[in-house]
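1. Predicted model and sequence follow; I will ask about them next.
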Amino acid sequence: MTFGQHVRSVREALKASDRAYSLRKVAVRVGVEPAYLSKVERGRVPPPSEATIRRIAHELGEDPDVLLAMAGKVSSDLHEIIVRRPKLFSSLLRELRAAPDHAVLRIVRVVREGDW
């Protein structure tokens, strides 16, 4: 599923129980033209900027990092972290590429808890 298809799917599911999630109303709250949001949802234009994706994520109750990844983008704060130590983080990510989720979650817990 593409970024636009996902956004539309989530928005339409929310709209089924709350008319506040019509394309027009969501576009206004996100700060874009309804025609533009429609084009994004239909894949007629590339995904929007990081800031707009974050507003869409907030509006739809979605994880901004997931939507950014679906749009082929990386959060600016993550980009800054990687740029500070590119060799280390690129190596880490490549090593984790094939790791199962439970192994990655274990590493995250160790880092988060500071249990070195």
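-> Nice, thanks for sending it over.

2. list the contacts for the most centrally placed residue in the chain?
-> With distances taken as CA atoms, centre = their mean, the residue of the chain nearest its centroid is residue 67 (1.9 Å). Contact analysis of residue 67 by CB atoms under 8 Å, 6 or more residues apart in numbering lists 3, 6-7, 53, 56-57. In this view, the C-beta of every residue, glycine as well, is placed from N, C-alpha and C.

3. low-scoring stretches of the protein, by residue?
-> Applying pLDDT under 70 to the chain picks out residues 115-116.

4. what about the helices in it?
-> With helices called from DSSP state H, the chain shows them at 3-15, 23-30, 34-41, 50-60, 64-70, 76-84, 86-96, 101-113.

5. who does the third one touch, helix- and strand-wise?
-> Pointing back at helix 34-41 there. With contacts taken as 3 or more CB pairs under 8 Å, 6 or more residues apart in numbering; DSSP states H and E, helix 34-41 sits against helix 3-15, helix 23-30.

6. ok, now with 10 Å
-> Helices and strands touching helix 34-41, as assessed by 3 or more CB pairs under 10 Å, 6 or more residues apart in numbering; DSSP states H and E, comprise helix 3-15, helix 23-30, helix 50-60.

7. can you tell which of those is closest to residue 97?
-> Taking CB to CB, helix 3-15 is the member of those nearest to residue 97, at 21.6 Å.

8. Now the closest one - C-alpha only, CSV.
-> Included here for helix 3-15 are C-alpha records, laid out as CSV according to Å, rounded to 0.1, in the frame of the first residue of the first chain:
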residue,chain,number,x,y,z
PHE,A,3,1.5,6.4,1.3
GLY,A,4,-1.5,8.1,-0.3
GLN,A,5,-3.5,4.9,-0.3
HIS,A,6,-2.8,4.4,3.4
VAL,A,7,-3.8,8.0,4.3
ARG,A,8,-7.0,7.6,2.3
SER,A,9,-7.8,4.3,3.9
VAL,A,10,-7.3,5.6,7.4
ARG,A,11,-9.2,8.8,6.7
GLU,A,12,-12.1,6.9,5.2
ALA,A,13,-12.3,4.5,8.1
LEU,A,14,-12.4,7.4,10.5
LYS,A,15,-15.0,9.2,8.3
